[in-house]
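Undergrad: kindly return the folded structure for what I paste below:
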Amino acid sequence: MNKKLLLLALPAVLVVGGCFGSQDANQTTDDSVLSGTTAMNTTQPTLEQCQAAVTSYLESQKNITPDTSKKVQSGSAITVDYIGRLANGEVFDTSIESVAKECGLYNEARGYGSGLDFVAGSGQVVAGFDEGVMNMTLNETKTIEMTADKAYGGETIALPKEGFPTKSDGSAYVAGDTFPTMMGTIEIVAVGDKEITIKNPSPLAGKDLIFDVTVKAIQ
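TA: Down below sits the predicted model:
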């Protein structure tokens, strides 16, 4: 399984010509729609089928007793399993193989079972996820709800104007211009004196999210 972590905050990957980025460059993402790859949707299950798979997984976790002697703290190296859902219950990503299959997200090349590794409180994942796992205990399952500002941000992102490279023709940027990045072509929606506002390229921009998280290991 690719160990890029699950939850990249989008400004971190707005890299132009391999050298332009934001202060959030330490954040990373898993091998999923969130890292620019997509799962292999070979079937089109209904939302009800997918929700039933999530419910089944969550019910199974109730039979596992958490180890309260081990608790996630800032700096803990942890491994988690997760299910990422939209507010309507649609699953957009998961490390759980059975859920991935029932929700049409299964990717044979991805690999399942090893979970997601990251250091809690280090900024490797988006704020809502980082905050949500704090004080969880080993084998505990918890549902974490986060607003867009704690996840992938709003529909637009304001970036320092001085960080943008010079246009090839030497002209100034204007609304409607586009430029290449590691996430594809990005559109500029507004230009101010000190900032340039771009359209957030994340498919999860502006969305409140729900994560069902199980802590599998704490170090």
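
Undergrad: longest helix in this protein, please.
TA: Looking across the chain with DSSP state H, the single longest helix is helix 47-61.

Undergrad: direction included, what does the helix or strand following that helix pair up with?
TA: Beyond helix 47-61 on the C-terminal side, the first helix or strand identified by DSSP states H and E is strand 67-71. In the sheet containing strand 67-71, the strands it pairs with under DSSP bridges are strand 137-138 (antiparallel).

Undergrad: pLDDT (mean, whole number) over the strand it pairs with?
TA: For strand 137-138, mean pLDDT is 99.

Undergrad: run the chain-centre distance for it.
TA: What separates the centre of strand 137-138 from the centre of its chain is 22 Å, taken as CA atoms, centre = their mean, to the nearest Å.

Undergrad: can you tell me what sits against it?
TA: Defining contact as CB atoms under 8 Å, 6 or more residues apart in numbering, one finds that strand 137-138 is touched by 66-72, 215-218. Glycine gets a C-beta too; all of them are placed from N, C-alpha and C.

Undergrad: mind giving me the packing neighbours of the longest helix of the chain?
TA: With contacts taken as 3 or more CB pairs under 8 Å, 6 or more residues apart in numbering; DSSP states H and E, helix 47-61 sits against strand 77-86, helix 97-102, strand 209-218.

Undergrad: mark which of the contacts of strand 137-138 are buried, thanks.
TA: Burial by neighbour count, 16 or more other CB atoms under 10 Å: within those this picks out 66, 70-72, 215-216, 218.

Undergrad: check those residues and tell me the two furthest apart.
TA: The distance between the two most remote of these (CB to CB) is 14.2 Å, for 71 and 216.

Undergrad: three-state assignment of residue 111?
TA: For residue 111, the reduced secondary structure class is coil; criterion used: DSSP: H, G, I helix; E, B strand; the rest coil.

Undergrad: report pLDDT for it.
TA: What the model reports as pLDDT for residue 111 is 82.

Undergrad: tell me how far it lies from residue 100.
TA: Here the distance between residue 111 and residue 100 works out to 11 Å (CB to CB, to the nearest Å).

Undergrad: looking at the two, which is more packed in?
TA: residue 100 (23 against 12; other CB atoms under 10 Å).

Undergrad: do I have it right that the more buried one meets residue 108?
TA: No. Using CB atoms under 8 Å, residue 100 is not in contact with residue 108, being 10.1 Å away.

Undergrad: closest to residue 172 out of the buried ones among the contacts of strand 137-138?
TA: Nearest to residue 172 out of these is residue 72 (CB to CB; 47.5 Å).

Undergrad: what about this protein, any weak spots by pLDDT?
TA: Flagging of the chain using pLDDT under 70 yields the residue ranges 1-43.

Undergrad: which one of the helices and strands packed on helix 47-61 lies nearest to residue 122?
TA: Taking CB to CB as the criterion, residue 122 comes closest to strand 77-86 out of these, the separation being 9.3 Å.

Undergrad: helix/strand/coil for residue 152?
TA: coil.

Undergrad: for it, the count of nearby residues, please.
TA: Neighbours of residue 152 using other CB under 10 Å come to 25.
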